[in-house]
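> Only the shape, not the letters, is given here:
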């Protein structure tokens, strides 16, 4: 029986990887900071190991006898929106993942992000794939910088021959247990209306967590994936209008779609950028203007390499995954 260590197992992708591995017959260990708060992982098939990704010794002990480390732990929106809050978890934690993989001889799968491509430059005349040269990032793009640097650390360790490693780059992830994207959209839809830009015809840059888990598990079992990064960024094309319809179905709500002129949307988000820039999570939320592109411009990414080289065939369809995600959120909220 193969054994895996999963960090960030209480998060969205990490918990789906735990479920997937257990279903595939793996022995799964989860590195968690609080066993009591992570006890819900045990029915999903995880053995809990108490420790922290910032504790190199605990990380290596947790990885003992493991064939693969799935490194999903990351700071996405920390309480303090400053570089150090991202650097500690996303860089130091990844350095410890590399050291643990090297010490126990495990393969390392690093969950990166399409954030490495930057903001506006991802929208090109041709799909943004793994061959695109990564542009400079703004100083305040803390999350994107930390994900790019941590991914580079992992792939460079592979190139030096220290470990076998690869990375996957999801875009906006949704699914059951989502604590970010689904709750934000759900709170709007629950009011019975949803603002629609450009008729809601654009395809969203979203991917189901179960499909990310599928790609990650396939990657560590594919020798040629070593040293590479794979976009897992467009499992199925879902328009904004269709997403809202399926989300409303999951919530059991009738939703009125309210057309919003593009010029008004841009003005509102520009104002939000100015106002939110001084808020508690300013560095992350000050990029709110990017939300206009997210809902009005089609998914710019290509995941063809993952389909071609990994045989990635996303098992969770949006007609199932989207209603399920919002239904689950509503039940937890209740």
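Sure thing, it's come through. No experiment lies behind these values; they were computed from the predicted model shown.
> now the helices: where do they sit in the stretch 201-334 of the chain?
209-220, 240-251, 262-276, 282-285, 290-296, 304-305, 318-333 (DSSP state H, counting those that start in this stretch).
> Including mean pLDDT, could these go into a markdown table?
Output for the helices of the stretch 201-334 of the chain, formatted as a markdown table (pLDDT from 0 to 100):
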| stretch | mean pLDDT |
| --- | --- |
| helix 209-220 | 98 |
| helix 240-251 | 97 |
| helix 262-276 | 57 |
| helix 282-285 | 40 |
| helix 290-296 | 77 |
| helix 304-305 | 98 |
| helix 318-333 | 97 |
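> export those to JSON lines and tack on mean neighbour count and distance to residue 102?
All C-beta spots, glycine's among them, are computed from the backbone N, C-alpha and C. What follows is the helices of the stretch 201-334 of the chain, written out as JSON lines (neighbours: other C-beta atoms under 10 Å; distance: least, C-beta to C-beta, whole Å):
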{"stretch": "helix 209-220", "mean neighbour count": "26", "distance to residue 102": "16"}
{"stretch": "helix 240-251", "mean neighbour count": "20", "distance to residue 102": "42"}
{"stretch": "helix 262-276", "mean neighbour count": "14", "distance to residue 102": "41"}
{"stretch": "helix 282-285", "mean neighbour count": "18", "distance to residue 102": "32"}
{"stretch": "helix 290-296", "mean neighbour count": "17", "distance to residue 102": "37"}
{"stretch": "helix 304-305", "mean neighbour count": "16", "distance to residue 102": "27"}
{"stretch": "helix 318-333", "mean neighbour count": "18", "distance to residue 102": "36"}
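> For the one helix or strand residue 183 maps to, buried residues please.
Counting by DSSP states H and E, the element that carries residue 183 is helix 181-189. For helix 181-189, the neighbour count (16 or more other C-beta atoms under 10 Å) marks 181, 182, 185, 186, 189 as buried.
> Ok, stretch 66-79 next?
66, 67, 68, 69, 70, 71, 72, 73, 74, 75, 76, 78.
> who's in contact with the third one?
Meaning residue 68. By C-beta atoms under 8 Å, 6 or more residues apart in numbering, the residues touching residue 68 are 2, 3, 4, 5, 106, 107, 108, 109, 220.
> Out of these, name the ones that lie in strands.
If you go by DSSP state E, the contacts of residue 68 have 3, 4, 5, 107, 108, 109 in strands.
> What pLDDT is listed against residue 199?
If you check residue 199, the pLDDT there is 87.
> hang on, isn't it packed against residue 242?
No: using C-beta atoms under 8 Å, residue 199 is not in contact with residue 242, being 11.9 Å away.
> list the helices and strands the helix holding residue 183 packs on?
Helices and strands touching helix 181-189, by 3 or more C-beta pairs under 8 Å, 6 or more residues apart in numbering; DSSP states H and E, are strand 172-174, helix 240-251, helix 318-333.
> Check which helices and strands the first one sits against.
What it means is strand 172-174. Using 3+ C-beta pairs under 8 Å, 6+ apart: strand 172-174 touches helix 181-189, strand 206-208, helix 209-220, helix 318-333.
> I'd like the ones you listed laid out as CSV, including distance to residue 87.
Below are those laid out as CSV (distance: least, C-beta to C-beta, whole Å):
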stretch, distance to residue 87
helix 181-189, 24
strand 206-208, 26
helix 209-220, 24
helix 318-333, 31
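> Looking at these, which is nearest to residue 34?
helix 318-333 (18.9 Å; C-beta to C-beta).
> show me what contacts residue 148?
By C-beta under 8 Å, 6+ apart, the neighbours of residue 148 are 115, 116, 134, 137.
> Out of the buried residues of stretch 66-79, which two sit at the greatest distance?
The widest separation within these (C-beta to C-beta) is 31.2 Å, between 67 and 78.
> Any idea which of the helices and strands packed on strand 172-174 gets closest to residue 120?
Of the helices and strands packed on strand 172-174, the one closest to residue 120 (C-beta to C-beta) turns out to be strand 206-208, at 19.0 Å.
> Can you give the distance of that closest one from its chain's centre?
Offset of strand 206-208 from its chain centre (C-alpha atoms, centre = their mean, to the nearest Å): 9 Å.
> per-residue confidence at residue 21?
In this model, residue 21 carries a pLDDT of 98.
> Got the phi and psi for it?
Reported as degrees, to the nearest 10, the phi and psi values for residue 21 are phi -60, psi -40.
> who are the neighbours in contact with the nearest residue to residue 7 once chain neighbours are set aside?
Distance criterion C-beta to C-beta, 6 or more residues apart in numbering; nearest residue to residue 7, sequence neighbours excluded, is residue 73 at 4.0 Å. If you count contacts by C-beta under 8 Å, 6+ apart, residue 73 has them with 7, 8, 11, 14, 31, 53, 89, 93.
> pull the helix or strand with minimum mean pLDDT from the protein.
Ranked by mean pLDDT, DSSP states H and E, the weakest helix or strand in the chain is helix 282-285, scoring a mean of 40.
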